[in-house]
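Q: Need the 3D shape of this:
(chains A and B)
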Amino acid sequence: TQLLEQSPQFLSIQEGENLTVYCNSSSVFSSLQWYRQEPGEGPVLLVTVVTGGEVKKLKRLTFQFGDARKDSSLHITAAQPGDTGLYLCAGVPSNYQLIWGAGTKLIIKP
Amino acid sequence: DTGVSQDPRHKITKRGQNVTFRCDPISEHNRLYWYRQTLGQGPEFLTYFQNEAQLEKSRLLSDRFSAERPKGSFSTLEIQRTEQGDSAMYLCASSSIHRGAGYTFGSGTRLTVV
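A: Residues are numbered from 1 along each chain as shown, chains lettered A, B, ... in the order given. Alright, predicted model coming up:
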């Protein structure tokens, strides 16, 4: 069974601080997606990383796919209250069905 | 296209009643997925369709759950004889058939069984 473990499960920090969220697996994925979800809404796709070692930037968010395509990280620089939400990673294995992490609940305090 | 639409947004029902939810996906998307999500957790896969064919159903899904996508467009998810444990957010998503295509989610239906 393929699993994706996210860490930390919960993170509460002050505005302006940096943070990193991790998504790890023992399985190889053809690609990995990151979503953000706000309360009462469905997840919204942020980025898809495809190539091992790939780095993608979305304003203050930096996404990295591990060289072996088994893990990924999301780094947020100078976090803002608007970054608050549930961050989910999802791996794409060979059979197209996404494998979801349990999510990291992020709270940025003003 | 206005994205993925789900109806209703909220549903409160008494235990034992049947409920039906509707999802209208993005029209160009062939794949449609149903997920269930409880507070603070990631989405839990229920089932998915490619066009009108239901290709996979979670083994966790009891026989009280059934989904249809009769014309390959909108889909319905029915829960019969609801139980309190069915209370959750039910999410619908659609995607193209390309491997690794991102999912577009609806806003979900929040079900509360009392």
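
Q: Tell me both backbone torsions, phi and psi, for residue B:64.
A: The phi and psi values for residue B:64, taken as degrees, to the nearest 10, are phi -80, psi -10.

Q: Would you agree it is in contact with residue B:79?
A: Yes: applying C-beta atoms under 8 Å, one finds residue B:64 in contact with residue B:79, separated by 5.9 Å. The way it works is simple: take the backbone N, C-alpha and C, and place the C-beta from them, glycine included.

Q: Neighbours of the nearest residue in space to residue A:26 that is not next to it in sequence, how many?
A: With C-beta to C-beta, 6 or more residues apart in numbering or on different chains as the criterion, residue A:26 has its nearest non-adjacent residue at 6.7 Å, and that residue is residue A:70. Counted with other C-beta atoms under 10 Å in any protein chain shown, residues neighbouring residue A:70 total 18.

Q: Also residue B:56?
A: Applying other C-beta under 10 Å, we find 15 residues neighbouring residue B:56.

Q: what sits against it?
A: Residue B:56 makes contact with A:97, B:47-48 under the criterion C-beta atoms under 8 Å, 6 or more residues apart in numbering or on different chains.

Q: Could you find the closest non-adjacent residue to residue A:74?
A: residue A:21 (4.5 Å).

Q: Sticking with the one you found, tell me its helix or strand.
A: Residue A:21 is located in strand A:19-24, with elements delineated by DSSP states H and E.

Q: Any regions of chain A where pLDDT drops low?
A: Counting by pLDDT under 70, chain A has low-confidence residues at A:1-2, A:94-96.

Q: which residues of it fall in strands?
A: In chain A, the segments counted as strands under DSSP state E are A:5-7, A:10-14, A:19-24, A:31-37, A:44-49, A:55-58, A:61-65, A:71-76, A:85-92, A:99-100, A:104-109.
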